[in-house]
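Trainee: Need a 3D model of the sequence below.
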Amino acid sequence: APACTDLDENVYDTIPSSSFGTTQAQTNSIIAPIYGELKGVFPGDFFCLIEEASDMAITPTRIGGDWWDGGYHMEMKRRNWTYMNSLNKNGWNECMDGIATCNMVYHMVGQNEAMSDELKTQTFAEIRGVRAYWVYMLVDNWGNAPLVTDFGTTDLPGMKNRAELFQFVVDELNEIKDQLPTNSDATYGKFTQGAAYTLLAKMYLNAEEWIGTAKWDETIAACDKVLSMNYALEGDWKVNFQVNNEVSGEAIFSVPFSKTVGGNHLHNRTLHYKDPIALGFTKGTWNGISANPDYVKEFDTEDPRYLGSFLIGEMIDPATGAVIITDHTRPLIHTIDINVMNTDKYDNIWGEVQQEEGARCNKWTFETGMNNTDMENDFHIFRLADVYLMKAEALVRKGGDNAEATRLVNAIRERAYQDANHNYASVDLAKIYQERRYEFAWELFSRQDMIRFGKFNAPGFLLPETTPDYRKLFPVPYAAWQSNNNLVQ
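Mentor: So this is what the prediction gives:
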């Protein structure tokens with residue numbers, strides 16, 4: 001998006017390397033690769049891994065075999081994945097590549113003699129912050145993992161357990177938080193103090209699940225620190241997802257996208273092949289990921305986040321005013337329900353569905369007039385609404401100030417509905433869990449939330465079985481432990 005062009009890598013081919021790094025613009029160029037790696041979080045395989053393993057999303061096999069993809073998506077929804085699953089491998093690799101890039105850039109900055117001590121201190125802090133984010137993703141999704149912080153080492157790393165990785169993230173963030181830049185237009189897309197405290201809140205909020213020790217007071221303290229900063233809830237929820245959403249006052253840590261350089265390809269991943277006709281742009285979309293029917297049905301249909309999150313119903317050709325007809329000679333109507341057929345070809349539960357079935361992701365606005373480009377919309381990894389609800393949850397879990405927890409939840413509901421008619425008199429964990437689901441559909445929190453609220457093991461859509469506890473973590477991919485026999489999970 002336009003406001004984040006200061007993160008783009010510029011070419012200074014007339015400046016000697018010994019002099020490069022004296023300005024913030026030059027430093028941005030040096031560290032650009034650490035931020036570029038974050039584009040692997042959304043909306044690629046990592047996105048599918050997390051949302052499909054939860055009850056939020058599904059990439060069904062379409063009639064004719066589209067999206068069978070070796071059964072990887074079926075394994076996510078049926079929760080019988082193996083260490084050979086491609087989504088799991090690619091998610092793991094994104095983390096490892098992100099950490100390796102941080103280590104490389106940290107080494108480069110350390111070798112730089114032109115950079116001032118002050119600028120170098122801040123730059124080191126940014127690099128360590130982004131690296132801590134990748135380790136957080138490992139803690140959340142795999143639990144145990146190797147950790148290398150020295151770019152020069154050639155030794156095969158051993159495995160760190162979840163508690164060790166947890167402590168690494170917390171220690172790193174506490175060491176760097178005051179060295180990081182503050183929130184401003186110039187630091188949009190960067191790892192700032194706000195990002196550090198929000199990530200700390202995430203670590204503390206999940207501590208009981210991840211390390212067996214509740215840290216509700218620490219969660220609240222980290223949230224309060226963010227709430228004291230110059231962030232503000234947007235009056236219009238949809239501003240967070242519009243085409244030029246870098247203007248959002250609640251964006252804390254974001255992945256900047258542009259149409260021409262590393263764009264957002266969500267439209268490819270979710271829309272039917274002919275949806276762009278109805279939506280007013282040109283693109284060869286893939287007809288992939290859809291919403292789980294039961295998730296969509298939890299929404300109040302009067303909540304603007306319902307249609308603001310899901311593309312449902314008839315898709316109309318603006319040239320004719322008629323419903324578009326698919327190549328299978330069926331009306332292009334996105335139903336909430338997904339009707340599974342031909343289950344005997346699979347496991348008698350999974351099967352094939354019609355091309356048009358399933359509510360599609362409608363959260364990030366599809367820009368009218370796009371012509372075979374990616375999307376401009378940025379992805380906010382963390383935003384202020386999450387901090388409101390994290391603090392509310394921690395207050396309720398510790399038996400704290402329910403009035404304050406209720407105020408925080410109601411602020412999110414009032415913003416969504418644009419009135420106070422749907423406010424709660426008081427909140428409990430069930431209401432907070434549901435509010436998170438309404439607010440954060442498609443934003444990579446559903447699996448983590450389900451686990452923390454004790455919902456992950458229950459049967460669900462295409463999942464008649466109870467999920468065993470060990471499925472709360474993904475396995476170390478086959479390719480990883482084949483190349484390093486120290487990786488025993």
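
Trainee: Tell me which residues touch T59, please.
Mentor: By C-beta atoms under 8 Å, 6 or more residues apart in numbering, the contact set of T59 is C48, E52, W67, D69, H73, M76, G288, I289, S290. (C-beta placed from N, C-alpha, C; glycine too.)

Trainee: One more: Y72?
Mentor: Per C-beta under 8 Å, 6+ apart, neighbours of Y72: W81, N85, S86, L87.

Trainee: what's the pLDDT at it?
Mentor: For Y72, the pLDDT comes out at 97.

Trainee: do V409 as well
Mentor: V409 carries a pLDDT score of 99 in this model.

Trainee: what's the neighbour count on it?
Mentor: 26 (other C-beta atoms under 10 Å).

Trainee: try T198
Mentor: What T198 shows, counting by other C-beta under 10 Å, is a neighbour count of 27.

Trainee: Look at it and give its secondary structure.
Mentor: Three-state call for T198 (DSSP: H, G, I helix; E, B strand; the rest coil): helix.

Trainee: what does T22 give?
Mentor: Classified using three-state DSSP, T22 is coil.

Trainee: Let me know the pLDDT of the closest residue to it other than its chain neighbours.
Mentor: Excluding the flanking residues, the one nearest T22 by C-beta to C-beta, 6 or more residues apart in numbering is A114, at 5.1 Å. The model reports A114 with a pLDDT of 92.

Trainee: mind listing what A114 touches?
Mentor: S18, S19, F20, G21, T22.

Trainee: gap between the last one and Q179?
Mentor: Same thing as T22. Distance, T22 to Q179, using C-beta to C-beta, to the nearest Å: 19 Å.

Trainee: Looking at those two, which is more packed in?
Mentor: Q179 (17 against 14).

Trainee: For the more buried one, which residues are in contact?
Mentor: Q179 touches T121, Q122, F124, A125, counting by C-beta under 8 Å, 6+ apart.

Trainee: G152: neighbour count?
Mentor: Using other C-beta under 10 Å, the number of residues around G152 comes to 6.

Trainee: what sits against it?
Mentor: H107.

Trainee: On the three-state scheme, it is what?
Mentor: Here G152 is recorded as coil under three-state DSSP.

Trainee: where's it relative to I127, distance?
Mentor: 16 Å.

Trainee: Am I right that Y470 sits in a helix?
Mentor: Yes. Under three-state DSSP, Y470 falls within a helix.

Trainee: How many residues are close by it?
Mentor: Y470 - counted by other C-beta under 10 Å - has 8 other residues nearby.

Trainee: Helices of the stretch 101-250 of the chain, start to end?
Mentor: 117-141, 162-176, 193-205, 207-211, 216-227 (DSSP state H, counting those that start in this stretch).

Trainee: number of nearby residues for S483?
Mentor: S483: 10 neighbours (other C-beta under 10 Å).

Trainee: Hmm, N457 is touching L463, no?
Mentor: No. Look at N457 against L463 with C-beta atoms under 8 Å: they stay out of range, at 10.3 Å.

Trainee: how about the nearest residue to D469, chain neighbours excluded?
Mentor: N457 (6.9 Å).

Trainee: For the one you found, give me its contacts.
Mentor: By C-beta under 8 Å, 6+ apart, the neighbours of N457 are T466, T467, P468, D469.

Trainee: you'd agree L38 is in a helix?
Mentor: Yes. According to three-state DSSP, the state of L38 is that of a helix.

Trainee: Quick check: it vs Q179, distance?
Mentor: 20 Å.

Trainee: which ones are touching the residue lying closest to Y306 once chain neighbours are set aside?
Mentor: The shortest distance from Y306 to any non-neighbouring residue, by C-beta to C-beta, 6+ apart, is to F299 (4.3 Å). The contact partners of F299, taken as C-beta under 8 Å, 6+ apart, are R305, Y306, S309, F310, Y438.

Trainee: So what's the residue count around P477?
Mentor: With other C-beta under 10 Å as criterion, P477 counts 24.

Trainee: Go ahead and confirm it touches N88.
Mentor: Yes. Between P477 and N88 there is a contact under C-beta under 8 Å: 5.7 Å.

Trainee: where does the stretch 1-150 of the chain have low pLDDT?
Mentor: Scanning the stretch 1-150 of the chain for pLDDT under 70 picks out 1-18.
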